[in-house]
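Colleague: Sequence first, then the predicted structure:
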There are 2 protein chains.
Amino acid sequence: MKTEIIAVGTELLLGQIANTNARFISEELAKLGIDVFWHTVVGDNPSRVKQAFRLAQTRADLIIFSGGLGPTMDDLTKETVAEVLGLEMVKDEAWEAYLEELFAKMGRSMTDNNRKQALLPKGARLLENDHGTAPGIWLEDNGKIVVLLPGPPRELEPLFRDKVVPLLPQGNCVILSRVLKVAGLGESALEEKIHDLVVEQTNPTIAPLAKYSEVHLRLTAKAESTEEAQKLLDKTEGKLLTRLGEAVFGRDEETMAMAVARLLWKRNLTFAAAESCTGGYLSHIMTNIAGSSDYFLQGQVTYSNRAKTDLLGINPVLIRDYGAVSEEVGRAMAENIRRRSAADVAVGITGVAGPTGGSDQKPVGLVFIALATPQGVSCRRFNFFGNRETIKERAVMAALNMLRLYLLNLNG
Amino acid sequence: MKTEIIAVGTELLLGQIANTNARFISEELAKLGIDVFWHTVVGDNPSRVKQAFRLAQTRADLIIFSGGLGPTMDDLTKETVAEVLGLEMVKDEAWEAYLEELFAKMGRSMTDNNRKQALLPKGARLLENDHGTAPGIWLEDNGKIVVLLPGPPRELEPLFRDKVVPLLPQGNCVILSRVLKVAGLGESALEEKIHDLVVEQTNPTIAPLAKYSEVHLRLTAKAESTEEAQKLLDKTEGKLLTRLGEAVFGRDEETMAMAVARLLWKRNLTFAAAESCTGGYLSHIMTNIAGSSDYFLQGQVTYSNRAKTDLLGINPVLIRDYGAVSEEVGRAMAENIRRRSAADVAVGITGVAGPTGGSDQKPVGLVFIALATPQGVSCRRFNFFGNRETIKERAVMAALNMLRLYLLNLNG
């Protein structure tokens, strides 16, 4: 089955939003093994919507529209599709009653425009929209399926997943993706380790994508069934894990912070962070995780020298002799917050986030990251590239990766 | 001039990425007053790329391709376009020499695939790509302009802005957008204030978009010149400012944190933050701004009760009698960090971010935000909706908005 997705909306052609609906629908169809051959975007213009639909009829068996189902005059997808198919519009009494109830609840009166939303092309099936006033529409015509969905993603996504997917035929093959996330290996070191697999392997394919401080390896498998595709993915994942070992920190939605949180939970350990140049970002992402109060005791954002002395008890002589950005101060930050907070493990970060404040000896991007544990304190020196936010991001991710590797290798 | 943007890439049809290139190019063309009528996405398939190009030739004067210019076998946009136009491929000696130098620098040998990137359709103009090995291509054929650009956004965006835009003719009219950002007004209160303008006004149009803790009003004006469009935008902005006053905190790229930073700079004041449920997010966004060390002294993430007592000197009796999430503790957090850090202004935040930890009396989303200033301490109680991250976000934005309104209304 060949699919074309037609998004209707002038805001897309003005570049005000990206066509994320086509991305979402395509990803869901790939899981079902249904091929998508075309995405088209057209403005709120009846003659061009007509032209797009007629073309799609010549080259697709499944045609999915998004957008143009609202109550305003600009919304004309439904009427245009009905006109091309020669269908009259009929009222869906149940949906009209539902809308009336909805408006009564909100204490608002229902206009004729709203009433328009209960009209369907004759013979169409109404797909109930639980998140808005425009229902989805399913039509079959000459062996082709035409689906109309409202544009807002929070309406379209559940509608597609819950109401459209169950009606679709299963395709001949399934395409499944999985992402493995790698940290702490330079791009070239990573390439060296897996280059042959990336080049030679075609099912699953392996596509590396470099992020700021991670590399994502997207595996995409094609098979006759979901089970078969999963097996292919598992096999390649196994190969990659053998080559990359601890450098792989997560899969799909798993973030570095979650990987660390899981290890802290598993080991039943508590954590504290003393941050200078990262300004609280490490504390922020470690407390974004539900249940973080189990492991997170405190964070200190000691931006000024006075804060380093007052809050962490850093010896002012250390700052004077080595500078606030130094291995000595980084170590003391980690050590002191660990002792003062009574946390099991603690991190200290000091560096130059830029764009100002750098010097020849201590350039923008220089960051010291110290990890204090019951076994002692270790410190690494990094030189990060990028703007201020990127340097903060890279520094926090490097700190978490140091912590992750420590926790991973703890005995017991 | 009518434009069609054709993105080539199977990864788009699999839903692995969204077509952000079409969004970017469309937005840039709107600024120039050039109409975009179609976006098309097609896979890495020569016959369908051909079909898409032939169709575009019948309905557009400016055809912009993105993607399919890389060194691999899948990359066939250039060859397909040349074939349809009946042009042979010729080598650009200068680009080949540049690539050779580039590969030599990286210590890698250049393959025949890479060499392919120096081939151009005869008569084409090469657009130098400063961020990759595939150059952009500009072709004119029968009064139509065809532009080919590499797919990665970090290559396409500068190439389009610096090399393509200067070659494009100016359109008949200019479409300009401006976003006004509003905080601290509920959606219905906002609607009441500006409903008539939103409904009646057509140039500029006013489109409200509710974000988590802000409402963005997008004004879009159409005019014969940039100056004329700016004037229309200014006029409507003036009307909106009269109605909304201090609730408007910024324009376009200006964030709430930047608005606050500007006021702190202007008043030459320093700032400190004591955070519980927001976990360092306030410190993080206030230190994302270059030059934040001028105003930011310190942040304390006092997650555990012990941290509240040890670090901020909160009386344990207060926590016992009122609970850690209480107006009393919020006020003490703000007051104590202000006194201890010697900051001019300070914020204290305590609440329940959820999803666990709520009770009937103190449900998830309950947050106390206190502001300590030389004039005293004020505290507000909020009930935020949403998941953990949303509640953190809303709490931090509400705190910054309290601080902003205080700074705005300081005398002198």
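Modeller: On my side now, so go ahead.

Colleague: what's the pLDDT at the residue sitting nearest the centre point of chain A?
Modeller: Nearest to the mean C-alpha position of chain A, counting by Cα atoms, centre = their mean, stands A:E253 at 7.3 Å. A:E253 carries a pLDDT score of 88 in this model.

Colleague: And it, how close does it get to chain B?
Modeller: 14 Å (Cβ to the nearest Cβ, to the nearest Å). Using the backbone N, CA and C atoms, a C-beta is placed for each residue, glycine as well.

Colleague: Now do the contacts for A:Q170.
Modeller: For A:Q170, the contact set (Cβ atoms under 8 Å, 6 or more residues apart in numbering or on different chains) comprises A:32-33.

Colleague: Break chain A down into its structural domains.
Modeller: The record's domain split for chain A, according to automatic domain parsing, is A:2-167, A:174-251, A:256-408.

Colleague: mean confidence for the first one?
Modeller: The reference is to domain A:2-167. Mean predicted confidence for domain A:2-167 is 93.

Colleague: can you tell me the helix or strand for the residue of chain A positioned farthest from its centre?
Modeller: Centroid-distance maximum for chain A: A:V317 at 45.4 Å, with Cα atoms, centre = their mean. Using DSSP states H and E, A:V317 sits within helix A:316-322.

Colleague: all strands for the stretch 1-150 of chain A, in order.
Modeller: For the stretch 1-150 of chain A, strands defined by DSSP state E, counting those that start in this stretch occupy the ranges A:2-8, A:35-42, A:62-66, A:89-91, A:119-121, A:125-127, A:136-141, A:144-149.

Colleague: Most tightly packed of those?
Modeller: Greatest average neighbour count among the strands of the stretch 1-150 of chain A goes to strand A:62-66 (a mean of 27), per mean count of other Cβ atoms under 10 Å in any protein chain shown.

Colleague: can you tell if it touches chain B?
Modeller: No: Strand A:62-66 stays clear of chain B (Cβ under 8 Å from any Cβ of the partner chain), getting no nearer than 12.4 Å.

Colleague: strand partners of that strand, parallel vs antiparallel please.
Modeller: Strand pairing for strand A:62-66, using DSSP bridges, gives strand A:2-8 (parallel), strand A:144-149 (parallel).

Colleague: quick one, it and strand A:35-42 angle?
Modeller: Per axes from the mean of the first three to the mean of the last three Cα atoms, to 10 degrees, the angle that strand A:62-66 makes with strand A:35-42 is 40 degrees.

Colleague: From A:E28, how far off is A:G132?
Modeller: Look at A:G132 and A:E28: by Cβ to Cβ, to the nearest Å, they are 19 Å apart.

Colleague: Adding distance to A:H216 as columns, could you present the strands of the stretch 1-150 of chain A in TSV?
Modeller: Below are those laid out as TSV (distance: least, Cβ to Cβ, whole Å):
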stretch	distance to A:H216
strand A:2-8	25
strand A:35-42	22
strand A:62-66	27
strand A:89-91	47
strand A:119-121	43
strand A:125-127	34
strand A:136-141	33
strand A:144-149	29
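
Colleague: Out of the ones you listed, the one nearest B:R115 is which?
Modeller: Checking the strands of the stretch 1-150 of chain A against B:R115 by Cβ to Cβ gives strand A:35-42 as the closest, at 31.8 Å.

Colleague: The closest one: how far from the chain's middle?
Modeller: 23 Å (Cα atoms, centre = their mean, to the nearest Å).

Colleague: Equivalent analysis for stretch A:136-145, please.
Modeller: On the basis of Cα atoms, centre = their mean, stretch A:136-145 sits 32 Å off its chain's mean C-alpha point.

Colleague: now do stretch A:301-313
Modeller: On the basis of Cα atoms, centre = their mean, stretch A:301-313 sits 35 Å off its chain's mean C-alpha point.

Colleague: Could you identify the helix or strand that succeeds the helix holding A:V317?
Modeller: Next in sequence after helix A:316-322, counting helices and strands by DSSP H and E, comes helix A:327-341.

Colleague: Tell me if that following helix is near chain B.
Modeller: Yes: residues of helix A:327-341 are located near chain B by Cβ under 8 Å from any Cβ, namely A:340-341.

Colleague: Now do that helix: which elements does it pack against?
Modeller: For helix A:327-341, the contact count by 3 or more Cβ pairs under 8 Å, 6 or more residues apart in numbering or on different chains; DSSP states H and E identifies strand A:271-275, strand A:296-302, helix A:305-312, helix A:316-322, strand A:345-351, strand A:366-373, strand A:376-383, helix B:305-312 as packing neighbours.

Colleague: rewinding a little: what pLDDT does the residue farthest from the centre of chain A get?
Modeller: You'll see A:V317 listed with a pLDDT of 95.

Colleague: Show me which residues of the stretch 101-250 of chain A sit near chain B.
Modeller: A:175, A:177, A:207, A:218, A:220.

Colleague: can you put these in a markdown table and add pLDDT?
Modeller: Shown next, in a markdown table, are these (pLDDT from 0 to 100):
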| residue | pLDDT |
| --- | --- |
| A:I175 | 84 |
| A:S177 | 88 |
| A:A207 | 84 |
| A:R218 | 89 |
| A:T220 | 90 |
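
Colleague: so which of the residues you listed is the most crowded?
Modeller: Sorting those by how many neighbours each has (other Cβ atoms under 10 Å in any protein chain shown) puts A:T220 first, at 23 neighbours.

Colleague: Partner strands of the helix or strand hosting that one and their direction?
Modeller: Here A:T220, judged by DSSP H and E, is contained in strand A:215-223. Within its sheet, strand A:215-223 is paired with strand A:174-182 (antiparallel), strand A:205-210 (antiparallel), according to DSSP bridges.
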